[in-house]
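In: No sequence on hand, only this structure:
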């Protein structure tokens with residue numbers, strides 16, 4: 001006898017088959033999203049923890065429907081799922097609070113609350129309030145589910161490890177796809193800019209995410225003693241990630257991960273904070289007072305990144321004379337600074353840079369890839385983006401968040417002894433991964449996309465959870 005459940009499954013299968021056949025027959029493939037969305041809603045409501053963890057795997061594989069629907073940008077399926085989780089978890093929290101109250105007092109959470117409050121203020125004074133409030137909404141569906149409610153899901157160690165595994169595996173699948181596509185073009189430099197499509201917009205965001213994933217693979221390798229089979233799988237994943245990073249031809253990613261590992265090493269040897277701050281301040285002063293000499297030296301560098309040779313591509317990163325990519329980045333930075341000078345307190349409003357920077361372009365900074373309409377994207381820097389869109393206070397608040405994040409992480413790392421090897425390895429991996437992103441953030445900004453926002457805010461949530469657990473353990477002692 002066929003059970004009631006089988007009848008239900010059969011009915012759903014027949015309905016979906018007819019629905020998909022109808023969509024294909026009438027060339028309305030976008031209708032596929034309807035049953036998928038309904039399935040995601042059911043999954044999020046009745047399997048919330050699994051839906052949350054699934055974000056890790058789905059994020060590298062998501063795609064922007066703007067490629068298919070003009071004028072409407074949305075990453076499918078992650079952003080609808082994040083939006084749904086935000087509403088559902090907020091409703092649950094209001095009905096029966098389940099978050100630890102200490103979370104709302106944690107410096108990392110408080111620093112982002114401060115940024116959000118200032119975002120709302122600058123959205124009111126924005127040159128385009130509608131754009132700014134839409135930008136804030138898109139920011140909220142990353143911050144609330146991942147950073148805030150992530151502290152509930154990541155309270156269990158198994159969920160933290162599962163999230164890392166799923167994000168690594170999802171990223172590796174996109175790397176294999178990209179390498180396969182790239183190989184069909186003999187790993188050409190020009191093709192490296194788009195072979196990761198539709199999963200990534202271009203090689204810059206792809207390289208940034210692959211660089212961030214590298215320390216996460218190392219966490220999984222060293223966090224515990226694995227079986228020979230698991231260890232072999234992890235080493236294979238590490239090799240794939242390294243190949244993906246190399247063939248991304250993304251100089252900023254190469255430099256950021258190199259600097260991140262140096263930063264991690266300095267943290268490990270517990271270099272005195274005064275020395276680190278002294279080096280940073282000295283570097284800023286030298287750059288400021290010797291800028292003309294530095295520019296003259298850079299101008300002698302004519303190396304462009306039209307070659308696949310690793311050394312020559314690294315050298316081309318300092319070419320600000322003929323390299324169009326570097327020159328366009330300077331064009332955007334110059335626009336961001338000029339926008340700040342015109343509106344130093346409130347900026348032009350969150351999310352408005354790409355709509356405003358065109359008129360700030362100077363003739364001397366225009367490149368062959370510049371457009372008069374200024375419709376080519378963002379400020380190419382998280383820090384300058386905050387400066388131009390939210391003024392000086394916005395930059396200070398964002399820099400404060402980065403400072404609090406790393407000071408908390410570093411203190412937490414040194415709180416653990418080597419008897420607590422798993423926690424120590426995890427925190428060091430997180431420090432290195434986040435360092436790779438926030439170093440990269442000087443040259444690009446991707447926190448408005450799921451590709452970077454999901455892992456970054458999830459790892460921040462890891463630190464909040466581990467820090468609160470450590471404080472509680474100390475209180476018990």
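Out: All right, it came through fine. Please read all numbers here as calculations on a predicted model, not as lab measurements.
In: just for this structure, where's the confidence low?
Out: When residues are selected by pLDDT under 70, those of the chain lie in 1-44, 67-72, 273-274, 276-277, 280, 283-324, 369, 372-376, 473-477.
In: Determine the longest helix present in it.
Out: Ranked by residue count under DSSP state H, the longest helix found in the chain is helix 382-415.
In: Next, count neighbours for the residue nearest to residue 434 when sequence neighbours are not counted.
Out: Here the nearest residue to residue 434 in space, its sequence neighbours aside, is residue 459; by CB to CB, 6 or more residues apart in numbering that works out to 5.7 Å. The C-beta positions use only the backbone N, C-alpha and C, and glycine is treated the same way. By other CB atoms under 10 Å, 29 other residues sit near residue 459.
In: residue contacts, residue 459?
Out: When contacts are counted by CB atoms under 8 Å, 6 or more residues apart in numbering, residue 459 touches 430, 433, 434.
In: What distance do you get for it to residue 125?
Out: 32 Å (CB to CB, to the nearest Å).
In: Can you give me the neighbour number for residue 222?
Out: 17.
In: picking up where we left off before, in helices, which of the contacts of residue 459 fall?
Out: 430, 433, 434.
In: so which of those residues comes closest to residue 413?
Out: Checking the ones in helices among the contacts of residue 459 against residue 413 with CB to CB, the nearest one is residue 430 at 9.0 Å.
In: Quick check: that closest one touching residue 462?
Out: Yes - with contact defined as CB atoms under 8 Å, residue 430 and residue 462 form a contacting pair (5.7 Å).
In: So these two - more neighbours on which side?
Out: Per other CB under 10 Å, whichever of residue 430 and residue 462 has more neighbours is residue 430, with 25 against 22.
In: What segments of this structure are strands?
Out: 63-64, 75-76 (DSSP state E).
In: what's the closest of these to residue 96?
Out: strand 75-76 (30.9 Å).
In: List the contacts of stretch 94-106.
Out: Applying CB under 8 Å, 6+ apart, the contact partners of stretch 94-106 are 92, 93, 109, 110, 148, 149, 151, 152, 464, 467, 468, 471.
In: Among the residues you listed, name the buried ones.
Out: By neighbour count, with 16 or more other CB atoms under 10 Å, the contacts of stretch 94-106 hold 109, 148, 149, 151, 152, 464, 467, 468 as buried.
In: Turn those residues into JSON lines, columns for distance to residue 355.
Out: Output for the buried ones among the contacts of stretch 94-106, formatted as JSON lines (distance: CB to CB, whole Å):
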{"residue": "109", "distance to residue 355": "31"}
{"residue": "148", "distance to residue 355": "29"}
{"residue": "149", "distance to residue 355": "32"}
{"residue": "151", "distance to residue 355": "35"}
{"residue": "152", "distance to residue 355": "37"}
{"residue": "464", "distance to residue 355": "34"}
{"residue": "467", "distance to residue 355": "38"}
{"residue": "468", "distance to residue 355": "40"}
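In: These in helices, which ones?
Out: 109, 151, 152, 464, 467, 468.
In: so who does the second one touch?
Out: In this case it means residue 151. 99, 100, 103, 461, 464, 465, 468.
In: Over to the last one?
Out: Residues in contact with residue 468 (CB under 8 Å, 6+ apart) are 100, 102, 103, 106, 151.
In: I'd like the distance between it and residue 401.
Out: 18 Å.
In: Over to the third one?
Out: In this structure, residue 152 and residue 401 are separated by 21 Å, where distance is defined by CB to CB.
In: Same question for the fifth one.
Out: Residue 467 sits at a distance of 15 Å from residue 401 (criterion: CB to CB).
In: was I right about residue 61 contacting residue 176?
Out: No - with contact defined as CB under 8 Å, residue 61 and residue 176 do not form a contacting pair (11.6 Å).
In: out of those two, which sits in the more crowded spot?
Out: Taking neighbours as other CB under 10 Å, residue 61 and residue 176 compare with residue 61 leading, 17 against 13.
In: Just the terminal-to-terminal distance for stretch 147-160.
Out: 13 Å (CA to CA, to the nearest Å).
In: buried sites along it?
Out: For stretch 147-160, using 16+ other CB under 10 Å, the buried residues are 147, 148, 149, 150, 151, 152, 153, 154, 159, 160.
In: Could you pull up the residues touching residue 382?
Out: 398, 438, 441, 442, 444, 445, 447.
In: just checking, the second one touches residue 402?
Out: Read it as residue 438. Yes - using CB under 8 Å, residue 438 makes contact with residue 402 at a distance of 5.5 Å.
In: Between the two, point out the one with more neighbours.
Out: Neighbours were counted for residue 438 and for residue 402 using other CB under 10 Å; residue 438 has more, 20 against 16.
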